[in-house]
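> got a predicted model here, sequence first, then my questions.
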Amino acid sequence: MNNLRSTLAIVWRIAIPYFRSEDKVAGRVLLAAVIAIELALVAIDVLVNQWQNRFYNALQEYNWSSFIWEIGVFAVLATTFIVLAIYQLYLQQWLQIRWRRWLTETYMRHWLDHANHYRMQLKGDAADNPDQRMSDDVKQFVEQTLSITVNLLSSIVTLASFVVILWGLSEAAPLTLFGMEYNIPGYLVWAALLYAIAGTALTHWIGSPLVNLRFEQQRFEADFRFNLVRVRENSEQIALLRGETAEHGLLSTRYGRVVQNWYQIMSRTKRLTAVTSGYSQVATIFPYVIVAPAYFAKKVQLGGMMQTASAFSSVQRALSFFVNTYSTLAEWRSTVARLDGFEMSIANAARMAEEPQTIDVVSHAGDSIELAQLLLKLPNGLPLIAADGFSIKSSERTLLTGPSGAGKSTLFRAIAGVWPFGSGAISVPGHAKLMMLPQRPYFPIGTLKAAIVYPAAAEAFGADKIKDALAAVGLPQLADRLEEDGHWNRMLSLGEQQRLGIARALLHAPQFLFLDEATASLDEPSEARLYRVVAERLPQTTVVSIGHRSTLHELHDRKVELIRDGDRFALRPTAQAADAPAGGAE
């Protein structure tokens with residue numbers, strides 16, 4: 001019961017914001033229409049139940065005119081039912097896609113907000129495969145929640161409607177055993193109730209493990225699919241390393257988990273199906289067995305017997321909602337649990353940036369970046385870098401060096417405001433534009449033009465300006481491919497990607513440009529040429545570079561080294577490069 005309350009509380013928390021959102025009018029109208037149609041369908045079921053009494057009595061009495069009339073009545077009821085069922089499905093699907101669109105957009109916004117997606121990875125959060133959470137899980141949640149809610153409402157209304165009918169029929173067809181009548185008020189209702197309770201208890205006992213099995217199945221399927229994508233994204237490196245056999249083994253291991261868990265689902269589903277199928281088959285004949293003695297004792301006509309059996313079936317089916325939808329409920333609960341975990345993961349990532357012991361990135365009126373009492377830590381809490389009173393001065397070109405693992409890239413992440421582990425303050429000039437270029441720049445799949453100007457819109461820069469930037473970084477051959485769609489991280493060499501990264505910086509003209517080995521795949525003359533282009537075209541831009549080549553020294557005004565200081569590293573400025581030209585030499 002506590003698990004049920006917890007699940008319903010989570011469902012309410014996830015579902016209700018849509019019906020209070022900017023799309024609430026359409027959502028509420030569609031939901032009301034779906035519910036109204038469902039109530040109308042139940043009303044038609046009640047009319048059909050009454051029709052059965054008249055129809056079968058007409059057959060028993062050989063009344064031709066009544067038979068023809070009832071055929072016409074049924075045609076009207078059936079036509080109305082079909083039309084309502086069609087429009088209920090249409091409106092329900094309409095509501096599903098509107099609700100799903102809103103919920104997906106909400107999750108995407110929160111996931112991408114202020115680098116939450118990055119902090120979730122840093123934290124090693126259990127919310128695996130966010131792509132599945134926002135696609136498959138949201139889709140299933142919306143569809144299953146609507147379906148279960150409508151079916152539950154239908155069961156409640158059906159129960160309320162047919163219990164009254166069945167209670168009255170219990171008096172018309174008293175319980176008859178061995179020629180003796182037993183006056184038990186509403187005995188047909190009690191029989192349906194006991195039958196449903198027995199079936200529900202047995203179903204829950206056998207099917208309860210399916211909840212966890214469904215949860216694990218979704219996780220294993222997503223993990224296998226994610227690793228297939230990783231192989232595709234890294235196919236070149238795998239081919240160069242002749243790693244196909246190793247990848248096949250890793251993928252087979254992950255798929256083995258899918259198969260093994262599926263076998264457990266099969267075994268449990270087989271038992272559950274045996275119970276539910278047997279329950280449904282027995283339910284078909286059960287009401288006739290109960291009413292048959294009264295019929296053969298001529299206490300009730302054929303029409304009354306058929307109406308009683310139909311009403312009994314309706315009550316039994318309403319009471320058996322749990323039995324009939326158990327598999328769906330198990331899958332639904334696992335979906336709800338996954339979305340709940342995803343929401344909690346996003347919330348935890350957001351709180352990481354607001355905790356008192358995190359790094360405070362603030363704006364100030366100066367023109368330099370200031371580090372005050374800064375202590376960067378690893379996610380496990382171990383100290384990494386300490387800096388106090390350190391400045392990155394405007395228009396100055398600084399080279400940051402140090403041993404691998406000292407935290408150079410982490411310092412860049414902290415300045416960008418995405419590294420939450422640590423304490424202290426980083427002051428950044430107000431309204432200053434910062435750009436970080438890593439060793440492997442990111443390009444979205446799409447046109448080359450959109451990839452170069454990212455994260456700006458494709459229309460933010462004119463074609464001539466983009467072509468000029470391409471020529472400046474040594475890629476004039478790409479000027480005629482701006483409207484070509486492609487996966488540019490796969491189609492271009494790493495050196496070409498790094499040149500495109502510099503072209504992106506030339507277009508955006510940031511006040512601070514951080515180059516994290518962003519030219520490491522180029523030969524030294526090409527690297528020097530790109531630094532000269534940046535110096536000439538972005539003279540007011542402050543450049544901070546991470547690199548290990550000695551040739552980088554003469555391309556920068558100042559060198560800062562990370563040196564070991566106890567259990568952490570510290571920033572130590574060294575002498576400025578003597579007579580270094582602003583852009584260096586080729």
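That came through fine.
> drop to CA atoms for contacts and neighbour counts, all remaining ones
Noted.
> confirm P379 sits in a strand?
No. Secondary structure assignment (DSSP: H, G, I helix; E, B strand; the rest coil) places P379 in coil, not in a strand.
> so after whatever helix or strand L384 lives in, what's the next helix or strand?
Element membership of L384, judged by DSSP states H and E, is strand 383-387. Downstream of strand 383-387, the next assigned helix or strand under DSSP H and E is strand 390-392.
> partner strands of that following strand, with direction?
Each strand that pairs with strand 390-392, with its direction, by DSSP bridges: strand 369-377 (antiparallel).
> just give me how far the strand it pairs with sits from the chain centre.
How far strand 369-377 lies from its chain's middle: 35 Å, per CA atoms, centre = their mean, to the nearest Å.
> okay, buried residues for it please.
Applying a neighbour-count criterion of 16 or more other CA atoms under 10 Å, the buried positions in strand 369-377 are 369-377.
> next, the angle strand 383-387 makes with that strand.
With axes from the mean of the first three to the mean of the last three CA atoms, to 10 degrees applied, the angle from strand 369-377 to strand 383-387 works out at 160 degrees.
> circling back: could you dump the strand holding L384 to PDB, C-alpha only?
Presented in PDB, the C-alpha positions along strand 383-387 are these (Å, rounded to 0.1, in the frame of the first residue of the first chain):
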ATOM      1  CA  PRO A 383      41.800  18.900  -3.500                       C
ATOM      2  CA  LEU A 384      43.200  19.600  -7.000                       C
ATOM      3  CA  ILE A 385      44.100  23.200  -7.600                       C
ATOM      4  CA  ALA A 386      44.500  26.200  -5.200                       C
ATOM      5  CA  ALA A 387      44.700  29.800  -6.500                       C
END
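> now for that strand, which elements pack on it?
Contact analysis of strand 383-387 by 3 or more CA pairs under 8 Å, 6 or more residues apart in numbering; DSSP states H and E lists strand 369-377, strand 568-573 as its packing neighbours.
> shaky segments in the stretch 451-586 of the chain?
Residues of the stretch 451-586 of the chain meeting the criterion pLDDT under 70: 575-586.
> tell me where it has helices.
Ranges of helices within the stretch 451-586 of the chain are 463-472, 488-491, 494-508, 524-537, based on DSSP state H, counting those that start in this stretch.
> what do you get for the stretch 301-450 of the chain?
Going by DSSP H, counting those that start in this stretch, the stretch 301-450 of the chain shows helices at 302-319, 321-324, 326-352, 408-416, 448-453.
> got these as CSV, with mean neighbour count columns?
Putting the helices of the stretch 301-450 of the chain into CSV (neighbours: other CA atoms under 10 Å) gives the following:
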stretch, mean neighbour count
helix 302-319, 25
helix 321-324, 20
helix 326-352, 20
helix 408-416, 19
helix 448-453, 24
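> of all the ones you listed, which lies closest to S545?
helix 408-416 (9.7 Å; CA to CA).
> send the alpha carbons of the closest one over as PDB?
Extracted in PDB, the C-alpha atoms of helix 408-416 (Å, rounded to 0.1, in the frame of the first residue of the first chain):
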ATOM      1  CA  LYS A 408      44.400  22.400 -16.300                       C
ATOM      2  CA  SER A 409      41.200  21.600 -18.200                       C
ATOM      3  CA  THR A 410      39.300  21.500 -14.900                       C
ATOM      4  CA  LEU A 411      40.400  25.100 -14.200                       C
ATOM      5  CA  PHE A 412      38.900  26.100 -17.600                       C
ATOM      6  CA  ARG A 413      35.600  24.300 -16.700                       C
ATOM      7  CA  ALA A 414      35.500  26.200 -13.400                       C
ATOM      8  CA  ILE A 415      36.000  29.500 -15.100                       C
ATOM      9  CA  ALA A 416      33.200  28.500 -17.500                       C
END
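> what helices or strands is it leaning on?
Judged by 3+ CA pairs under 8 Å, 6+ apart, helix 408-416 is in contact with strand 434-437.
> so what are the sheet partners of the strand it packs on and their directions?
Its sheet considered, strand 434-437 pairs with strand 512-516 (parallel) by DSSP bridges.
> now the protein, which segments are flagged as low pLDDT?
Counting by pLDDT under 70, the chain contains low-confidence ranges at 1-2, 123-128, 172-182, 236, 353-357, 575-586.
> which one's the longest helix in it?
Using DSSP state H to assign secondary structure, the helix with the most residues in the chain is helix 244-296.
> elements contacting that one?
With contacts defined as 3+ CA pairs under 8 Å, 6+ apart, the packing partners of helix 244-296 are strand 175-177, helix 187-207, helix 210-233, helix 302-319.
> between these, which gets nearest to T358?
For the helices and strands packed on helix 244-296, distance to T358 was read as CA to CA. The smallest value, 31.5 Å, belongs to helix 210-233.
> residues in contact with the spatially closest residue to R413 that is not a sequence neighbour?
Spatially, and ignoring its direct neighbours in sequence, R413 is nearest to W419 (5.4 Å; CA to CA, 6 or more residues apart in numbering). Listed by CA atoms under 8 Å, 6 or more residues apart in numbering, the contact set of W419 reads 119, 359, 410, 413.
> and N49, by the same measure?
The contact partners of N49, by CA under 8 Å, 6+ apart, come to 307, 310-311.
> any idea how far it lies from K139?
Between N49 and K139 the distance, using CA to CA, to the nearest Å, works out to 36 Å.
> next: V289.
Between V289 and K139 the distance, using CA to CA, works out to 43 Å.
> look at the two and report which has more neighbours.
For V289 against K139, the residue with the higher neighbour count under other CA atoms under 10 Å is K139, and the figures read 21 against 11.
> okay, and the more buried one sits in which element?
When elements are assigned from DSSP H and E, K139 belongs to helix 138-172.
> repeat that for I68.
In this assignment (DSSP H and E), I68 forms part of helix 64-112.
> kind regards, and thank you for your time.
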